[in-house]
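> Give me the fold of what follows.
(chains A, B, C and D)
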Number of protein chains: 2
Amino acid sequence: MPDDRPIFVYEYPSLEVAAETVKAATSERRAFIVVGNCWVEYRGRASSTLKKGERIFIVKEDGSVLIHRSKGYEPVNWQPSGSIFYTSIKGNVLTVKAVRRAPRESIVINFDKVYLLTVLNLIDEGEFCLYASEEDMQKAILIQPEIVEEGLKLITYEKKVEPGFIDVYGVDKKGRMVVIEIKRKTAGKDAVLQLARYVDSVKGIVNRETRGIIVAPQLAKGAQKLLVTLGLDFKQLDPRKCAEIVRKTETRKLEDFYL
Amino acid sequence: MPDDRPIFVYEYPSLEVAAETVKAATSERRAFIVVGNCWVEYRGRASSTLKKGERIFIVKEDGSVLIHRSKGYEPVNWQPSGSIFYTSIKGNVLTVKAVRRAPRESIVINFDKVYLLTVLNLIDEGEFCLYASEEDMQKAILIQPEIVEEGLKLITYEKKVEPGFIDVYGVDKKGRMVVIEIKRKTAGKDAVLQLARYVDSVKGIVNRETRGIIVAPQLAKGAQKLLVTLGLDFKQLDPRKCAEIVRKTETRKLEDFYL
DNA sequence: GAGTGGATTTCGCAT
DNA sequence: ATGCGAAGTCCACTC
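As a prediction, the model looks like this:
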């Protein structure tokens, strides 16, 4: 397999050629794509069978496996990275077995026709950046606590209390403790209940008046009632605006922002 | 684009040929794969940028989009089904924009080199069956309640109580109400807390002694303490064994199994 | 259209 | 390795 081209293509190869090429590709840890008629068995955490049909089979350099049908965002079968491959040919069937340990599971894919086989040698050093994650919201609040509430002073973040971790923890302008639970999308009942538990936990420790604030772009309807019942607050905040605040501020560590 | 072949391949096509082919493919709602050097911008619920690199770009018949790097099980960028495509070429750049409404979001992928373009016409009617899901565990319990506990009689399943739905609901041999929470993998604190809420809710309604049982292959360590504290029970059950029980029984509707 | 919960979720991080 | 929570989670189902 020459190294100088980013891809190497076999159109309608024989199963023998396909088998040899797949063997070489897996042993050299190259990514490849097979399009052909196949059937699949999966055994591991669960089991599945997929009967004959034409699909896209992708193996990547790190040994992750994807089997895609012609529709749907999700693969019908897959294996996360780290699989080991066994390729064989028997009669008119090319079989690739992908085995993973921890958890032990395997995919067996059988082809009786291969329409396309391409071995890839992709160079990809391009940086990937994601904005407006929950982490961005947390950073924005640490940079500008006033976006949550005027007079809010932060004490710490990611504080461990019994049920888990408090996203942000501070004191309001009247000196009450404030526990903040951040959600990057509509906050539901579970978020409210989680916050309630945190507030209770903090109350038990600090023995001071303690408020809880949900910070999220929206509050689910059922969650609203619960919020009122439990005496918690809600502050609407757009994750994209938070991302802007974060990008505008020079990059500093989170640690630089709390007292 | 002829219809008689499952795939049509362009190796190292010009950007012009690639653009025309992509336009035709999207307008005919065909799946296609592009391998080439590209950069990507995503805007919607969040935002992301991906700098130049060689990647696999897949569009499926239902308008789902996947952009895969040479490593990793997950796509670096994607769009679920239903996207609308706008393809254009400007200078030496081929641009495909995939737009989705509800939520409004878009991916823009730009290619300056295309190594492979293949248009697919895959026939795939093969049935897919998955075993050992949580549903299988529920079915197995309905078929053979004794795998949970000797003398257990079931009343109903998927019962609505205030916090949500009870997986399975019955009476034990001593006449106590039993609420069962099923997890197909290790049950954590959240499962225990959820069950506790259900038990409380049922107690409030039936005004009778009520037990809660977690049915799962394993119980998380932190969850164990909580379980004891809250006075709940745990029954170990392997989802694969449940799947066997279900497969052995002739297929009947779930409704046939409860009193 | 919103809310709820499962998934072979995966992934990352901390213990 | 296990536990725990986020994710542009997606998806199916119900209200």
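
> alpha carbons only for contacts and neighbour counts from here, please
Will do.

> Please tell me how far A:G151 sits from chain B.
With distances taken as CA to the nearest CA, to the nearest Å, A:G151 is found 29 Å from chain B.

> Ramachandran angles for the spatially closest residue to that residue that is not a sequence neighbour?
Leaving out its chain neighbours, the residue that sits closest to A:G151 by CA to CA, 6 or more residues apart in numbering or on different chains is A:K173, at 4.7 Å. With angles defined as degrees, to the nearest 10, A:K173 sits at phi -70, psi -20.

> pretty sure A:S201 contacts A:V161?
Yes. The pair A:S201 and A:V161 qualifies as a contact (CA atoms under 8 Å) at a distance of 6.6 Å.

> So which of those two has more stuff around it?
Shown here are A:S201 and A:V161; by other CA atoms under 10 Å in any protein chain shown, A:S201 has more neighbours (17 against 14).

> Can you verify the more buried one is assigned to a helix?
Yes. A:S201 forms part of a helix when assessed by DSSP: H, G, I helix; E, B strand; the rest coil.

> and it, how far is that from A:L195?
Remark: distance between A:S201 and A:L195 (CA to CA, to the nearest Å) = 10 Å.

> What of A:L130?
For A:L130 relative to A:L195 (CA to CA), the value is 27 Å.

> do the same with A:R100
A:R100 is 39 Å from A:L195, by CA to CA.

> Neighbour count for those two, which is higher?
Higher neighbour count among A:R100 and A:L195: A:L195, with 26 against 20, using other CA under 10 Å.

> Between helix B:189-206 and whichever helix or strand the more buried one is part of, find me the angle.
Element membership for A:L195, per DSSP states H and E: helix A:189-206. Between the axes of helix A:189-206 and helix B:189-206, defined by axes from the mean of the first three to the mean of the last three CA atoms, to 10 degrees, the angle is 100 degrees.

> and the nearest residue to A:R100 once chain neighbours are set aside, what does it touch?
What sits nearest to A:R100 in space, not counting adjacent residues and going by CA to CA, 6+ apart, is A:S83, at 4.6 Å. Listed by CA atoms under 8 Å, 6 or more residues apart in numbering or on different chains, the contact set of A:S83 reads A:62-65, A:98-101.

> any idea which helix or strand comes after the lowest-mean-pLDDT helix or strand in chain A?
For chain A, using mean pLDDT, DSSP states H and E, the weakest element among its helices and strands is strand A:153-161, scoring a mean of 82. Next helix or strand after strand A:153-161 toward the C-terminus (DSSP H and E): strand A:164-171.

> The least confident helix or strand of chain A vs chain B: in contact?
No. Strand A:153-161 lies apart from chain B when judged by CA under 8 Å from any CA of the partner chain; the minimum separation is 13.8 Å.

> Just list what that strand packs against, helices and strands only.
With contacts taken as 3 or more CA pairs under 8 Å, 6 or more residues apart in numbering or on different chains; DSSP states H and E, strand A:153-161 sits against strand A:164-171, helix A:189-206.

> Can you name the residues that contact the residue lying closest to A:F57 once chain neighbours are set aside?
Of all residues not flanking A:F57 in the chain, A:I67 sits nearest, at 4.6 Å (CA to CA, 6+ apart). Applying CA under 8 Å, 6+ apart, we find A:I67 in contact with A:55-58, A:75-78.

> which of those residues tops the neighbour count?
Neighbour max across the contacts of A:I67 (other CA under 10 Å) = A:R55, 25 neighbours.

> Run the angle between the least confident helix or strand of chain A and helix A:189-206 for me.
100 degrees.

> Go through stretch A:83-103 and flag the buried ones.
Neighbour counts using 16 or more other CA atoms under 10 Å in any protein chain shown place A:83-85, A:87-89, A:93-100 of stretch A:83-103 among the buried residues.

> A:K97 is in contact with A:T26, correct?
No. Using CA under 8 Å, A:T26 is not in contact with A:K97; the gap is 11.2 Å.

> remind me, longest strand of chain A?
Identified as the longest strand of chain A according to DSSP state E is strand A:105-120.

> Quickly check: it near DNA strand D or not.
No. Strand A:105-120 is not in contact with DNA strand D by CA under 7 Å from any atom of the strand; minimum separation 14.0 Å.

> helices or strands next to that strand in the packing?
strand A:7-11, helix A:15-27, strand A:31-43, strand A:77-79, strand A:93-100.

> With respect to B:V114, which of the ones you listed lies nearest?
Closest approach to B:V114 among the helices and strands packed on strand A:105-120 is made by strand A:7-11 (10.3 Å; CA to CA).

> Could you export the closest one as CSV, CA atoms only?
C-alpha atoms of strand A:7-11 as CSV (Å, rounded to 0.1, in the frame of the first residue of the first chain):
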residue,chain,number,x,y,z
ILE,A,7,-6.7,7.4,-0.5
PHE,A,8,-6.5,4.2,-2.4
VAL,A,9,-9.6,2.9,-4.1
TYR,A,10,-10.8,-0.5,-5.3
GLU,A,11,-14.0,-0.4,-7.2
